[in-house]
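# 3D, please:
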Amino acid sequence: MEFLSILDMKENPEKEKPRQVFLLDLNLYQIIDKINLYWGENLSSMYCCLPADPLCEDYRREVYADIRQEALYSILCSLLDQMKERREIFAKKTEVTLELQKQVWHLQEIACYCGAFRRLARELEALPLKSKGMLAFRAYLRNYVESGRFRDMEKRSGQLLEKMAGFRMKLIYENDRITVLAEETEGTYECFLQNCFPGQNRQMRSPFRTDAGLTELEQELIRAFQKRSPDFFWETEDFYKSYQEYAEDTLIRFSSEIRYYLAFYRFQQKMQEKGFSFATPSLDENRELSARGLYDLALACSRGSGTEQIVSNDMYFGSKESFFVLTGPNQGGKTTFARSLGQLVYFTKMGLDVPASAANVHRFSRILTHFSVEESPDTGRGRLKEELTRLAPMMEAKFHTEAPCFVVINELFTTAANYDACIMGRRVLEHFIAAGCRGIYVTHLADLCQAHPQVVSLRALADEQGRRTFRIRRSTAESTAGADQLAEKHKLTYQQLKERLS
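Have a look, this model is predicted:
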């Protein structure tokens, strides 16, 4: 298999498209921000674009399974540390103005690059890799480090650095003068400076590796070295010209893209330390779509440590079931549960582990979401018009051609009269069910639970005292869900009114 990318088996046409609405609706940005925080680097763009197709989803899932090997995770983190060192050397190279310094920094940069990928190739050979992506990369890297150009670059850079490390000069301070002699001495230049100038608050370095501003002493040292070893400086200059463009684009791309998996794995470890579960989803289309211990990962990220504040739920779709219609009291966990379903599908499509203790997820071509929004003063449209404007592109037939979509709808048509909202809601459900979609519709309209034979009624439960439990269960909808508690809270029950008016 030819290796192109560790993220996708082919170029993804979706990469340059605007970010999709579901990222905001499902609070995925909150999760991505937490991943960035734990990793220490902004990788948001990598999590905002879904894989190109189901094959790429499987490709990522296999790679992530390999990444979860602690040995591989550690090896790849070491590679990124070396790539960071390479970038720092490159920054030093661009700062200096003396051409000789620039050439030596370039030599150090290439040596760091060669050492990183030589070591990676050697360590990967000892690992039991299984994914197509990592196996293809290992084969590619094996061929690359054995190529003539890489071996020559590696050998020449190593020899030149060894020669430079062997340079020795003797400095004699006498009668307020410093004399530089081409004599053999023991120790290094750095040790000499530390011994001669103790207590300095800066690290002493070789003049070849110092910053842009050279002291007069360092300049004299370089001139002395040039006179003593002209062959070295000629070879260094020739090496600099020969390997101006030395880095393999595929390897640089790999070292960038692999952060996608490593960052999520570190995030997952941090969340598991706090007690939150993750599972590798199975994708068996013959089994029911189901999850155990499903929770809202964004909510978990915002609540800090401990799982006692996060309620998990179980769910399943039978073979002839397509849509949940979820009703219940306000602030009873309905929207949170809907988001957790969307996140389940999102992380499955991204080839990563999901926030649940176990899950079986079917393949979906897209994630479509519609969450209630306020009317826009800029457009002059009312809230209902805003909702219909967002809903129209979701219902386009082109979205459902390859595979069904997963749809999350939250509190649609709340400003319309109940009669009208029921008619429109029924039409929306019928449309998506006819297109083979699955999803969830959160609503206060109990009648929608009877909108279609493939609709399943869910309800947010309360305990015997009427307190919200945030548990979601299959149950018949109640047209007055939560009304008794609200009426009692505001002293508007029949008995309370009767006592007040008597």
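# isn't residue 28 right next to residue 301, touching?
No: look at residue 28 against residue 301 with C-beta atoms under 8 Å: they stay out of range, at 10.5 Å. For every residue, glycine as well, the C-beta is placed using N, CA and C.
# so residue 222, which of the three states?
Using DSSP: H, G, I helix; E, B strand; the rest coil, the structure places residue 222 in helix.
# burial of it, as a residue count?
20 (other C-beta atoms under 10 Å).
# can I assume it is in contact with residue 103?
No: here residue 222 lies out of contact with residue 103, judged by C-beta under 8 Å, at a distance of 11.7 Å.
# residue contacts, the nearest residue to residue 136 once chain neighbours are set aside?
Closest residue in space to residue 136, ignoring its immediate chain neighbours: residue 3 at 4.1 Å, by C-beta to C-beta, 6 or more residues apart in numbering. Listed by C-beta atoms under 8 Å, 6 or more residues apart in numbering, the contact set of residue 3 reads 133, 136, 137, 139, 140, 250.
# For residue 151, which non-adjacent residue is spatially closest?
Per C-beta to C-beta, 6+ apart, closest to residue 151 is residue 145, 7.6 Å.
# Which residue ranges of the chain form strands?
Shown for the chain, the strands assigned by DSSP state E span residues 170-174, 177-181, 289-294, 313-317, 323-327, 358-360, 367-371, 406-410, 438-442, 455-462, 468-474.
# Identify all contacting residues around the fifth one.
The list of residues contacting strand 323-327 from outside it, by C-beta under 8 Å, 6+ apart, reads 315, 317, 334, 337-338, 341, 407, 429, 432-433, 437-446, 448-449, 451-452, 454-460, 472, 477-478, 481.
# Report the buried residues of stretch 425-437.
Judged by neighbour count (16 or more other C-beta atoms under 10 Å), stretch 425-437 contains these buried residues: 425, 426, 428, 429, 431, 432, 433, 435, 437.
# err, stretch 465-474, not the other one
Those would be 468, 470, 471, 472, for stretch 465-474 by 16+ other C-beta under 10 Å.
# those helices in the stretch 151-300 of the chain, which residues are they?
189-196, 216-228, 230-242, 249-257, 259-273, 297-302 (DSSP state H, counting those that start in this stretch).
# How many residues are close by residue 368?
Count around residue 368 with other C-beta under 10 Å applied: 26.
# Can you tell me which of the buried residues of stretch 465-474 is closest to residue 90?
Among these, residue 470 lies closest to residue 90 (C-beta to C-beta), at 51.8 Å.
# Just give the nearest non-adjacent residue to that closest one, would you?
residue 333 (3.5 Å).
# Residue 457 too?
residue 449 (3.8 Å).
# Around that neighbour, how many other residues sit close by?
Other residues close to residue 449 by other C-beta under 10 Å number 21.
# List the contacts of it.
Neighbours of residue 449 in contact, by C-beta under 8 Å, 6+ apart: 325, 327, 455, 457, 476, 477.
# quick one: which of those is nearest residue 370?
Looking across the contacts of residue 449 and measuring by C-beta to C-beta, the closest to residue 370 is residue 325, at 14.4 Å.
# gap between the closest one and residue 446?
Distance, residue 325 to residue 446, using C-beta to C-beta, to the nearest Å: 9 Å.
# And residue 222, by the same measure?
Residue 222 is 84 Å from residue 446, by C-beta to C-beta.
# next one: residue 3
55 Å.
# ok, now residue 359?
In terms of C-beta to C-beta, residue 359 sits 29 Å off from residue 446.
# When these two are compared, which one has more neighbours?
Shown here are residue 359 and residue 446; by other C-beta under 10 Å, residue 359 has more neighbours (25 against 20).
# who's the more buried one bridged to?
In this entry, residue 359 is beta-bridged to residue 291, by DSSP bridges.
# got the strands of the chain as TSV, with distance to residue 48 and mean pLDDT columns?
Formatted as TSV, the strands of the chain follow (distance: least, C-beta to C-beta, whole Å; pLDDT from 0 to 100):
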stretch	distance to residue 48	mean pLDDT
strand 170-174	57	63
strand 177-181	58	64
strand 289-294	23	96
strand 313-317	26	95
strand 323-327	27	96
strand 358-360	23	97
strand 367-371	12	94
strand 406-410	18	96
strand 438-442	21	96
strand 455-462	30	92
strand 468-474	28	91
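# Now distance to residue 243 too, for these, in a markdown table please.
Shown next, in a markdown table, are the strands of the chain (distance: least, C-beta to C-beta, whole Å):
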| stretch | distance to residue 243 |
| --- | --- |
| strand 170-174 | 33 |
| strand 177-181 | 31 |
| strand 289-294 | 53 |
| strand 313-317 | 57 |
| strand 323-327 | 60 |
| strand 358-360 | 49 |
| strand 367-371 | 46 |
| strand 406-410 | 50 |
| strand 438-442 | 55 |
| strand 455-462 | 63 |
| strand 468-474 | 61 |
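# Of those, which is nearest residue 244?
Closest among those, using C-beta to C-beta: strand 177-181, at 32.1 Å.
# Could you check stretch 127-144 and say which residues are buried?
Result for stretch 127-144 [16+ other C-beta under 10 Å]: buried residues 129, 131, 132, 133, 134, 135, 136, 137, 138, 140, 141.
# and of those, the nearest to residue 54?
residue 132 (14.0 Å).
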